[in-house]
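Asker: Model the structure of this input:
(4 chains)
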4 protein chains.
Amino acid sequence: MAEKRYVLKISCADRPGIVAAVSGALLERDCNIVEAKQFEDVIEKRFFMRVVFSGINGQNSLREHQEAMTPLAQRFEMDWSIRDCETKRRVMILVSRFDHCLVDILYRKRIGELPMDLTAVVTNHAAENYAHLDLCGAPLISLPVTAETKRAQEDKLLELIERTGTEVVVLARYMQVLSAELSARLSRRCINIHHSFLPGFKGAKPYHQAYERGVKLMGATAHYVTDDLDEGPIIEQDVERISHSDSPEDLVRKGRDIERRVLARALRYHLDDRVLLNGHKTVVFPD
Amino acid sequence: MAEKRYVLKISCADRPGIVAAVSGALLERDCNIVEAKQFEDVIEKRFFMRVVFSGINGQNSLREHQEAMTPLAQRFEMDWSIRDCETKRRVMILVSRFDHCLVDILYRKRIGELPMDLTAVVTNHAAENYAHLDLCGAPLISLPVTAETKRAQEDKLLELIERTGTEVVVLARYMQVLSAELSARLSRRCINIHHSFLPGFKGAKPYHQAYERGVKLMGATAHYVTDDLDEGPIIEQDVERISHSDSPEDLVRKGRDIERRVLARALRYHLDDRVLLNGHKTVVFPD
Amino acid sequence: MAEKRYVLKISCADRPGIVAAVSGALLERDCNIVEAKQFEDVIEKRFFMRVVFSGINGQNSLREHQEAMTPLAQRFEMDWSIRDCETKRRVMILVSRFDHCLVDILYRKRIGELPMDLTAVVTNHAAENYAHLDLCGAPLISLPVTAETKRAQEDKLLELIERTGTEVVVLARYMQVLSAELSARLSRRCINIHHSFLPGFKGAKPYHQAYERGVKLMGATAHYVTDDLDEGPIIEQDVERISHSDSPEDLVRKGRDIERRVLARALRYHLDDRVLLNGHKTVVFPD
Amino acid sequence: MAEKRYVLKISCADRPGIVAAVSGALLERDCNIVEAKQFEDVIEKRFFMRVVFSGINGQNSLREHQEAMTPLAQRFEMDWSIRDCETKRRVMILVSRFDHCLVDILYRKRIGELPMDLTAVVTNHAAENYAHLDLCGAPLISLPVTAETKRAQEDKLLELIERTGTEVVVLARYMQVLSAELSARLSRRCINIHHSFLPGFKGAKPYHQAYERGVKLMGATAHYVTDDLDEGPIIEQDVERISHSDSPEDLVRKGRDIERRVLARALRYHLDDRVLLNGHKTVVFPD
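Answerer: Model prediction:
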């Protein structure tokens, strides 16, 4: 009988005995710990843990594992989840004019780098812009937004998210600011790529701001969306070296490379349950 | 007769014929171009050039080269300089409590990485803190600063700068803000290391700000001092990857490594005449 | 009348007067130097230069510029070329099983990052593997290779290269070793991506070699193809940090990201005439 | 009563129950896990763990912790150690002509970055070369080596290592190859900085080799010394970007910066018990 793998994610107030209790409970059900990483925030006194375990003879179902963990989780007041590593998350991608992040995610999905099912690609632009893309069978939905239609279109979007069972929403250079209500509804499961190195250059045209300021490094930031624009918990960042001879257009070009790789990494970390929230910061256990 | 090398630095409004005129003038005096880099800011229509040349039979003195270049410089309304590559610049270092940048510069000077003479090390702390350091014969001068004594101490500092023929002032983690007057007097020749990646975290305790914000990369910035604090033209920046498991103290430790290498690079670029000002930005021709 | 831009590439034995002669010749024809970079290899006594210039009133054609430069080129025994910046190079891509580099180049071409026309995509695998890709109208040609058919297939390939006017051949993870004859025919215009950091791990399965050796950084190398396998002049390299927890499969995944960005950079440098050969090394003038 | 911290390091064949047993044993003695990282090499079926724990009421001594762990260690056939985090390791530094790594380690020790006591600085050059350095009270011992005296000098060195209770030996650009016997005696506690990116350029003058080959990145490698020269388990590596315009001397200068930071990181990892051996590779749990 084939071995199955599960990923357990825990955060709770730090106190003695958590690791012993968790590892004891897994041992009791003949589960083997394949990977484990933990972190104690000594300032906030909070504990974070990610465990990949396998059922040695595979007889336990996900539900059984969840039930077995429940008393422990209650005892330590854990924020927790268990997921079957084989179960792919359902992901929706929102995109505007620039499609480099979308194309990159589609490719990584196709070759198996990103364990996800695509529920839909939504754009506020015309659908025909993306007609040449292979969306792996997912529908392409155009929801143009104006100040007047914003609320109605967000309602449609939310309805679509719920109807398709979307678990993760990716803003892949989607240039519309989500309303506070929608941000709240998508809390902890909506990832944005901010096309600059936060907190350096917030707001519009950050690469032009970087050019004006003459910085020597330029970057991108992937973060969870909150109602505080550009201030959500940061998941991943990266930079590249630039120089005086880079025009604003060169910066935009270099930015595309950084954006797509930062967003892809952040999304993979999220899909692999490697990101835990710690207040307005994240704990990321990379592979 | 030994060959001598000179470095010529030019910036001026861009118009046709500059390179032909400069290279023709050098050829006429039997000088050979060893290195040349140029840049045209097509937005601002400004031209920048750095040329290292050698007198083929070495008979031209620095003064002769300067005289020969003068008509050309007037014709193109150049901001320019020529320097004998063998002539070391006279450098003063200002330091406060943390001495990692000071120690690093002293070491690089000793092994010949930084072509400079040290005129003095000035601190606003007690001189005995630095008693164990080998200052290469330079005096250590303590100028403690309070709100009341600031003006008087800056006068002393300026007098010292002038008396010692100091050409470059390095703020090597000097934690006093220079007055607008002094900043103006040291315009284009005073280099500060800002212990963060600008424009991200300005002001005090940037590493603690970075910790609070949960960023995934942390950096340092070397810039020319202007009267606009933390906003002077940026010469060099660098970053390192950090994670949730870095405490504020870890960030300070990692920061020391970034600060000292960014400041050393910026200082070397300046000493080698590799930095040209372009408004509130720089053009840097690295080696 | 619109201004036209040209790129001039020069290498020759170093001697006085080259810059003066070139810039003087351009000035004489009312051309303006937009960008210029030069390098003197003081050990080999060789001079390298790349100049982008524009005809001020645009009346000179490419042929006129070439004719005007010819006497100069002869006088200094230059290895040289002039190209109209608007003229796209004709590129053929060769690919085997893995298509990440191919897909990346196609995307960059589509959005205008790579100034090229695609003449064909050639694979030694079955054509249907690539059927889902948008090849911008270029034909997909399958030329399977065995020990017996290698010479015949290379003849077909060469015939195809010539018939299509292909100027640049990109081995985008093409897993066949070119014969010495074909390498020689494609000298200086065939770019390979070596999926490791040379000279570290040559030959087959370099990521598995890197895993076995326990290195902490892993990279990729783009180089010109010569008959000395894995030893051609290096154009570009990059690395990423890895750790003990990366499996061989993780290294392959991380490798894909490095490979595609290193190859894309090398190709862009080549298409922009930024790469000059210096014996078995390159001089690269990046933007 | 003050809390004390201990670091526990374990490697053993992987089997179920290790984490539960270790965390249970710590909990039983009222110890709290402050940090824990573990890794399972799924190919070699080996388990690695590093735990920092604190005695909640501090009544347990190091000896008591060691005694309590012993039965567990025997049961799982662990390769293990426990160390009081406050106890500094005793370190000897060996150096030849170039002192940049030595100076860097001394500075980091002085400001508290490296938790170590210095037992001696040993050089095969004349002692007066280092007379200006502040060795924190440690003796400077000159042991010049020739082919004839090598064995005798190594005997003296080993006697010195034993007499001074040296636990860690750092080859800080020490240009003598240790004999197989001495390498074996210092197994797992002698760190070398190889002044190149292994396995790229082994042997002498690697920066000149890198120059000749025209590579675009250059690095340094810190590794444990074994009798297989340049092939010991790698602890840390880093690179910097270089270009055609870097002379061999520029590479040596840039190399100094990489060498000192790679060696300092590797030494700190070792002093903090962050490095575990896995055959001829390492598992490094960085902070």
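
Asker: So which residues of chain A form strands?
Answerer: With strands called from DSSP state E, chain A shows them at A:5-13, A:31-41, A:46-55, A:79-84, A:89-95, A:116-123, A:140-142, A:168-171, A:190-194, A:217-224, A:234-241, A:275-278, A:281-284.

Asker: closest one to chain D among these?
Answerer: The closest of these to chain D is strand A:31-41. By CB to the nearest CB, the value is 4.8 Å. From N, CA and C alone the C-beta is placed, and that goes for glycine too.

Asker: what's the closest one in contact with?
Answerer: Contacting residues not belonging to strand A:31-41 are listed as A:5-6, A:14, A:19, A:23, A:26, A:46-56, A:60, A:65, A:278, A:283, A:285, B:244-245, C:245, D:16, D:18-19, D:33-40, D:42 [CB atoms under 8 Å, 6 or more residues apart in numbering or on different chains].

Asker: residues of it that come out buried?
Answerer: Of the residues in strand A:31-41, A:31-41 count as buried by neighbour count, 16 or more other CB atoms under 10 Å in any protein chain shown.

Asker: Most widely separated two among these?
Answerer: Farthest pair in those (CB to CB) is A:32 and A:41. Separation: 27.9 Å.

Asker: of the buried residues of strand A:31-41, closest to chain C?
Answerer: Relative to chain C, the closest of those is residue A:35; by CB to the nearest CB it sits at 7.9 Å.

Asker: Of the contacts of strand A:31-41, select the buried ones using a ChimeraX command.
Answerer: The following ChimeraX command selects only the buried members of those, with burial defined by 16+ other CB under 10 Å:
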select /A:5,6,14,19,23,26,46,47,48,49,50,51,52,53,54,55,60,65,278,283,285 /B:244,245 /C:245 /D:16,18,19,33,34,35,36,37,38,39,40
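
Asker: From chain D, how far off is the residue lying closest to residue A:180 once chain neighbours are set aside?
Answerer: Nearest residue to residue A:180, sequence neighbours excluded (CB to CB, 6 or more residues apart in numbering or on different chains): residue A:227, at 3.8 Å. Separation of residue A:227 from chain D (CB to the nearest CB, to the nearest Å) stands at 34 Å.

Asker: still on that earlier bit, let's have the buried residues of strand A:31-41 in CSV, adding pLDDT.
Answerer: Compiled in CSV, the buried residues of strand A:31-41 are given as follows (pLDDT from 0 to 100):
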residue, pLDDT
A:31, 90
A:32, 86
A:33, 87
A:34, 85
A:35, 86
A:36, 87
A:37, 89
A:38, 89
A:39, 90
A:40, 89
A:41, 92
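
Asker: Show me what from the stretch 1-150 of chain A comes close to chain C.
Answerer: A:35, A:100, A:103, A:107, A:111, A:113, A:132, A:134 (CB under 8 Å from any CB of the partner chain).

Asker: now for these, which pair is the farthest apart?
Answerer: Of all pairs in these, the most separated under CB to CB is A:35 and A:132 at 39.9 Å.

Asker: residue contacts, residue A:242?
Answerer: Each residue near residue A:242 by CB under 8 Å, 6+ apart is listed here: A:210, A:215-218, A:250-251, A:254.

Asker: swap in residue A:218?
Answerer: Residues near residue A:218 by CB under 8 Å, 6+ apart: A:196-197, A:207, A:210, A:239-240, A:242, A:251, A:254-255, A:258.

Asker: hmm, try it at 10 Å
Answerer: Contact analysis of residue A:218 by CB atoms under 10 Å, 6 or more residues apart in numbering or on different chains lists A:195-197, A:200-201, A:206-207, A:210-211, A:238-242, A:246, A:250-251, A:254-255, A:258, B:237.

Asker: partner residues bridging it?
Answerer: Beta-bridge pairing for residue A:218 (DSSP bridges): residue A:240.

Asker: Could you report the pLDDT at it?
Answerer: We have a pLDDT of 92 for residue A:218.

Asker: got it, and residue A:59?
Answerer: So residue A:59 comes in at 62 (pLDDT).

Asker: And for the one 3 residues further on?
Answerer: In this model, residue A:62 is scored at 91, pLDDT.

Asker: OK, contacts around it?
Answerer: By CB under 10 Å, 6+ apart, residue A:62 lies in contact with A:4, A:6, A:82-84, A:86-87.

Asker: now residue A:104
Answerer: By CB under 10 Å, 6+ apart, the residues touching residue A:104 are A:114, A:172, A:256-257, A:259-261, A:263-264, A:267, C:103-104, C:107, C:257.

Asker: Swap in 6 Å and give it another go.
Answerer: By CB atoms under 6 Å, 6 or more residues apart in numbering or on different chains, residue A:104 lies in contact with A:260, A:264.

Asker: Quick one: name the residues of chain A near chain D.
Answerer: Contacts of chain A with chain D, taken as CB under 6 Å from any CB of the partner chain, map to A:16-17, A:19-20, A:23-24, A:27, A:32-34, A:36, A:38, A:40.

Asker: Which single one of the residues you listed is nearest to residue A:140?
Answerer: Nearest to residue A:140 out of the residues of chain A next to chain D is residue A:34 (CB to CB; 38.3 Å).

Asker: Can you show me the helices along the stretch 51-200 of chain A?
Answerer: Secondary structure of the stretch 51-200 of chain A, counting by DSSP state H, counting those that start in this stretch: helices at A:62-75, A:100-110, A:150-163, A:180-185.

Asker: Need the winner for burial among those helices.
Answerer: helix A:100-110 (a mean of 22; mean count of other CB atoms under 10 Å in any protein chain shown).

Asker: For that helix, what is the distance to the chain centroid?
Answerer: Helix A:100-110 has its C-alpha centroid displaced from the chain centroid by 15 Å (CA atoms, centre = their mean, to the nearest Å).

Asker: Check chain A for its longest helix and report it.
Answerer: In chain A, assigned by DSSP state H, the helix with the most residues is helix A:248-271.

Asker: quick one: the residue of chain A positioned farthest from its centre from residue C:3, how far?
Answerer: In terms of distance from the mean C-alpha position of chain A, residue A:245 ranks first, at 34.4 Å (CA atoms, centre = their mean). Applying CB to CB, to the nearest Å, the value for residue A:245 to residue C:3 is 20 Å.

Asker: ok, residue A:18 - contacts?
Answerer: Contact partners of residue A:18, counting by CB under 6 Å, 6+ apart, are A:47, A:76.

Asker: quick one on the thing from earlier: so can I have CSV of the residues of the stretch 1-150 of chain A next to chain C showing distance to residue C:187?
Answerer: CSV is the format used below for the residues of the stretch 1-150 of chain A next to chain C (distance: CB to CB, whole Å):
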residue, distance to residue C:187
A:35, 49
A:100, 34
A:103, 34
A:107, 33
A:111, 33
A:113, 36
A:132, 36
A:134, 37
